[in-house]
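S.K.: quick one, fold the following:
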Amino acid sequence: MLGAPRAIDREVLVEAEVDAVWQAWTTSEGIKTFFAPDARVELRVDGPFEIFINPYAQPGLKGADGMRIIGFQKNRMLSFTWNAPPSLPEARQQRSVVVLRFEPEGDKRTRVVLHHTGWGEGGEWDQAFEYFSKAWPSVLGNLQKRFATGPVDWTEWLQRMKATTR
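M.R.: Next comes the predicted model:
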């Protein structure tokens, strides 16, 4: 008998109205305020949802290159494909799925619920699962900080990426 498929489930409470949190996740400019220094997001079914952790890397190795929006309901749900980091090339060739749900909590707070599923088992799948089990809390923490203290300043990060990228 098979066990339940594994998933990464995380949630955070953000001190902002749902529309503002939605914009942060569904626009290129919004993504750059908390997730990564560059992005290409087009909010439409099969639109790009590309998050560029290292904009200086070669195409295909910048981060979430080639990811696509699967579906959305404004201010309620966003789903997209996801890949493993470039350091895990075997797992990176395949895709998993992330579903975000946005729930207003009063007038100026939003609960963001993340569900990341579609994982294989063994080898690089296990490494990718472990990687994102640690990465998603950091991303969601940056989202909270973005609304508490302002957008992430990527200057130092970009300098490091530029210095280490060939």
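
S.K.: could I get the full set of strands for this structure?
M.R.: Under the criterion DSSP state E, strands of the chain are mapped to 8-14, 38-41, 49-52, 63-64, 69-73, 77-82, 96-104, 110-117.

S.K.: as TSV, those strands with mean pLDDT, mean neighbour count and distance to residue 153 would be great.
M.R.: All C-beta spots, glycine's among them, are computed from the backbone N, C-alpha and C. Formatted as TSV, the strands of the chain follow (pLDDT from 0 to 100; neighbours: other Cβ atoms under 10 Å; distance: least, Cβ to Cβ, whole Å):
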stretch	mean pLDDT	mean neighbour count	distance to residue 153
strand 8-14	98	16	19
strand 38-41	98	20	14
strand 49-52	98	23	17
strand 63-64	95	22	18
strand 69-73	99	15	27
strand 77-82	99	19	25
strand 96-104	99	18	24
strand 110-117	99	18	22
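
S.K.: in JSON lines, list those strands along with distance to residue 28.
M.R.: What follows is the strands of the chain, written out as JSON lines (distance: least, Cβ to Cβ, whole Å):
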{"stretch": "strand 8-14", "distance to residue 28": "19"}
{"stretch": "strand 38-41", "distance to residue 28": "5"}
{"stretch": "strand 49-52", "distance to residue 28": "9"}
{"stretch": "strand 63-64", "distance to residue 28": "13"}
{"stretch": "strand 69-73", "distance to residue 28": "13"}
{"stretch": "strand 77-82", "distance to residue 28": "14"}
{"stretch": "strand 96-104", "distance to residue 28": "16"}
{"stretch": "strand 110-117", "distance to residue 28": "19"}
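
S.K.: out of those, which is closest to residue 31?
M.R.: strand 38-41 (3.8 Å; Cβ to Cβ).

S.K.: sorry, back to before: what's the closest of the strands of the chain to residue 134?
M.R.: Per Cβ to Cβ, nearest to residue 134 of the strands of the chain: strand 8-14, 9.8 Å.

S.K.: dump the closest one to CSV, restricted to CA.
M.R.: In CSV, the C-alpha atoms belonging to strand 8-14 read as follows (Å, rounded to 0.1, in the frame of the first residue of the first chain):
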residue,chain,number,x,y,z
ILE,A,8,5.7,20.9,1.6
ASP,A,9,3.0,22.8,3.4
ARG,A,10,3.7,26.2,4.9
GLU,A,11,1.7,29.3,5.8
VAL,A,12,2.3,32.8,7.0
LEU,A,13,0.3,35.7,8.2
VAL,A,14,1.2,38.9,6.3
